[in-house]
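Novice: only the shape, not the letters, is given here:
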Ligand SMILES: O=C(O)c1ccccc1NCC(=O)[C@H](O)[C@H](O)COP(=O)(O)O
């Protein structure tokens with residue numbers, strides 16, 4: 001039985017991290033993009049990253065960051081995976097010697113197969129809506145734009161909620177899903193009930209797919 005993996009992004013508080021792990025999340029995202037309302041300092045990120053089992057992945061999110069900032073973050077925070085959510089190319093992403101996922105901001109006219117082929121070293125491609133501010137906007141995109149033959153594992157993102165994620169998983173069968181706004185009470189403040197409902201909906205979809 002295959003299981004859709006789950007990342008809860010934009011974690012800023014210990015209680016939210018513990019709620020995500022208790023619900024069954026596989027990974028959590030820490031945002032190192034200063035304009036984001038979910039931005040965390042290195043000190044806070046270091047504390048959060050040590051709160052959970054080493055088998056829950058700690059993902060560090062960057063947007064067009066100075067490479068020195070990424071290196072400084074890696075020196076302070078034990079990140080398992082990097083997520084590049086800006087306009088970075090493969091050479092930029094590969095320079096840190098860490099596994100990474102590359103975000104694509106989906107819009108009509110963007111050839112996602114060609115985009116993914118440019119990132120053969122990535123662990124996956126995260127598909128998000130094309131929004132001002134690069135991400136974290138709580139907006140879905142037209143899922144019909146996702147080709148079936150992407151050459152990388154797909155992380156579906158962008159406006160997912162407990163109400164729509166079951167259809168997303170059963171219809172698109174992504175390797176993983178990622179959510180921020182849809183499980184929040186306010187920007188950067190997660191709602192434990194919404195997290196639990198989101199994970200339960202993903203699990204229901206997996207049961208349906210594996211029936
Ligand atoms: O979370 C942010 O504030 C953010 C800001 C700028 C770039 C990316 C950001 N988040 C990246 C993520 O992986 C989010 O989970 C993803 O964009 C989906 O967000 P949402 O639509 O709010 O679920």
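Specialist: Thanks, I have it. Note that the structure is predicted; figures quoted are calculated from it, not measured.
Novice: show me what residue 27 is bridged to.
Specialist: Using DSSP bridges, the beta-bridge partners of residue 27 come out as residue 7, residue 57.
Novice: okay, the residue nearest to the spatial centre of the chain: pLDDT?
Specialist: Centroid check for the chain by CA atoms, centre = their mean gives residue 178 as the closest residue, at 4.3 Å. Per-residue pLDDT puts residue 178 at 98.
Novice: what does residue 2 give?
Specialist: Per-residue pLDDT puts residue 2 at 84.
Novice: so where does it fall, helix or strand?
Specialist: In the assignment (DSSP states H and E), residue 2 maps to no helix and no strand.
Novice: quick one: contacts for it?
Specialist: Counting by CB atoms under 8 Å, 6 or more residues apart in numbering, residue 2 touches 206, 209-210. No exception for glycine: its C-beta is placed from N, CA and C like everyone else's.
Novice: helix, strand or coil: sort out the residue nearest to the centre of the chain for me.
Specialist: Three-state call for residue 178 (DSSP: H, G, I helix; E, B strand; the rest coil): strand.
Novice: okay, helices next: where are they in this structure?
Specialist: Per DSSP state H, the chain carries helices over the ranges 14-23, 42-49, 67-76, 90-94, 112-117, 165-172, 192-210.
Novice: want to throw the ones you listed into JSON lines with mean neighbour count and mean pLDDT?
Specialist: Listed next are the helices of the chain as JSON lines, based on neighbours: other CB atoms under 10 Å; pLDDT from 0 to 100:
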{"stretch": "helix 14-23", "mean neighbour count": "19", "mean pLDDT": "98"}
{"stretch": "helix 42-49", "mean neighbour count": "17", "mean pLDDT": "98"}
{"stretch": "helix 67-76", "mean neighbour count": "14", "mean pLDDT": "98"}
{"stretch": "helix 90-94", "mean neighbour count": "15", "mean pLDDT": "98"}
{"stretch": "helix 112-117", "mean neighbour count": "15", "mean pLDDT": "98"}
{"stretch": "helix 165-172", "mean neighbour count": "18", "mean pLDDT": "97"}
{"stretch": "helix 192-210", "mean neighbour count": "18", "mean pLDDT": "97"}
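Novice: in JSON lines: the ones you listed, plus distance to residue 33.
Specialist: JSON lines is the format used below for the helices of the chain (distance: least, CB to CB, whole Å):
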{"stretch": "helix 14-23", "distance to residue 33": "18"}
{"stretch": "helix 42-49", "distance to residue 33": "12"}
{"stretch": "helix 67-76", "distance to residue 33": "10"}
{"stretch": "helix 90-94", "distance to residue 33": "15"}
{"stretch": "helix 112-117", "distance to residue 33": "21"}
{"stretch": "helix 165-172", "distance to residue 33": "24"}
{"stretch": "helix 192-210", "distance to residue 33": "22"}
